[in-house]
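*Asks:* give me the fold of what follows.
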Amino acid sequence: MKIPWNKQPRFGYRWFILLFAAMLSAAPARASLILMVQSTSAFSPSTGNLVDVDLINSGPGAVTIGGFFLEVTTADAFVTFTGATVSTASPYIFAGNSGDVASSFPFVTSSAGQTLDASDFYATFGSGTLVASGATVGLAELSFDLAAGDANPTATFSLTPYPSNSLSDQNGSTVNIDTFTSGTVTITRNTAPEPSSVLLLLAALPVVALRKHFIRLTLRRSSQRP
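*Replies:* Here you go, the predicted model:
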């Protein structure tokens with residue numbers, strides 16, 4: 001007896017569903033990357049303040065990074081970025097394998113101001129640093145000065161979107177950055193007197209003491225008169 005087509009087992013359809021599900025389960029887990037400027041505090045005025053820029057892989061997959069371009073900006077005119085190094089609190093992403101060091105390239109490619117540009121790459125072509133799920137690596141330690149008179153309670157250090165901030169893998173292909181997180185600098189105004197004011201105060205102290213001594217001496221003599 002012939003079975004109607006709509007009653008026949010759909011083996012082909014079922015195999016397709018199973019095959020599709022297997023392909024999804026076999027696909028590698030993708031990394032989710034966060035580029036973050038840490039937050040800090042500074043006095044106005046002050047010099048040589050430091051803050052780190054980190055790369056965080058929130059998972060679930062790992063990712064290989066072969067190079068990066070970094071740009072941090074601020075709208076606070078009292079802030080001046082003066083430089084950057086790889087002396088980050090978190091392990092530097094290319095520690096021991098910096099292409100800038102191997103090739104004598106400058107790490108910072110901008111002048112002092114409200115914008116800082118830096119870049120580096122893995123020293124061995126076709127290789128990179130594996131950033132595991134849950135790992136945090138450092139990209140740069142920024143240094144900045146804060147001029148006197150900054151009345152702002154905070155300053156924001158922002159990350160310029162792609163392509164100013166970008167990552168690449170070991171083959172030079174772009175690696176997506178999922179989240180850009182700005183940093184906040186909490187500013188405290190330095191109310192300590194200027195050195196000139198302190199010197200004037202110190203110079204006035206002997207005069208004040210001498211005047212008090214003269215007044216006491218005058219009162220003593222007056223009380224001894226008949």
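
*Asks:* when you work out contacts or count neighbours from here on, use the C-alpha atoms and nothing else.
*Replies:* Fine.

*Asks:* low-confidence ranges in this protein?
*Replies:* Applying pLDDT under 70 to the chain flags residues 1-28, 192-226.

*Asks:* tell me where it has strands.
*Replies:* Taking DSSP state E to define them, one finds strands in the chain at 33-37, 40-44, 46-57, 63-65, 67-73, 79-85, 115-121, 129-131, 136-146, 154-159, 166-168, 174-175, 179-181, 183-189.

*Asks:* packing partners of the fourth one?
*Replies:* In this case it means strand 63-65. When contacts are defined as 3 or more C-alpha pairs under 8 Å, 6 or more residues apart in numbering; DSSP states H and E, strand 63-65 packs onto strand 129-131.

*Asks:* now do the domain split for the chain, please.
*Replies:* Using automatic domain parsing, the domain ranges for the chain come out as 29-189, 195-226.

*Asks:* just put these in JSON lines and tack on mean neighbour count.
*Replies:* JSON lines is the format used below for the domains of the chain (neighbours: other C-alpha atoms under 10 Å):
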{"stretch": "domain 29-189", "mean neighbour count": "18"}
{"stretch": "domain 195-226", "mean neighbour count": "10"}
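
*Asks:* ok so, going back, any chance of JSON lines for the strands of the chain, columns distance to residue 96?
*Replies:* Converted to JSON lines, these look like this (distance: least, C-alpha to C-alpha, whole Å):
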{"stretch": "strand 33-37", "distance to residue 96": "22"}
{"stretch": "strand 40-44", "distance to residue 96": "28"}
{"stretch": "strand 46-57", "distance to residue 96": "18"}
{"stretch": "strand 63-65", "distance to residue 96": "15"}
{"stretch": "strand 67-73", "distance to residue 96": "14"}
{"stretch": "strand 79-85", "distance to residue 96": "14"}
{"stretch": "strand 115-121", "distance to residue 96": "11"}
{"stretch": "strand 129-131", "distance to residue 96": "11"}
{"stretch": "strand 136-146", "distance to residue 96": "13"}
{"stretch": "strand 154-159", "distance to residue 96": "26"}
{"stretch": "strand 166-168", "distance to residue 96": "19"}
{"stretch": "strand 174-175", "distance to residue 96": "22"}
{"stretch": "strand 179-181", "distance to residue 96": "27"}
{"stretch": "strand 183-189", "distance to residue 96": "27"}
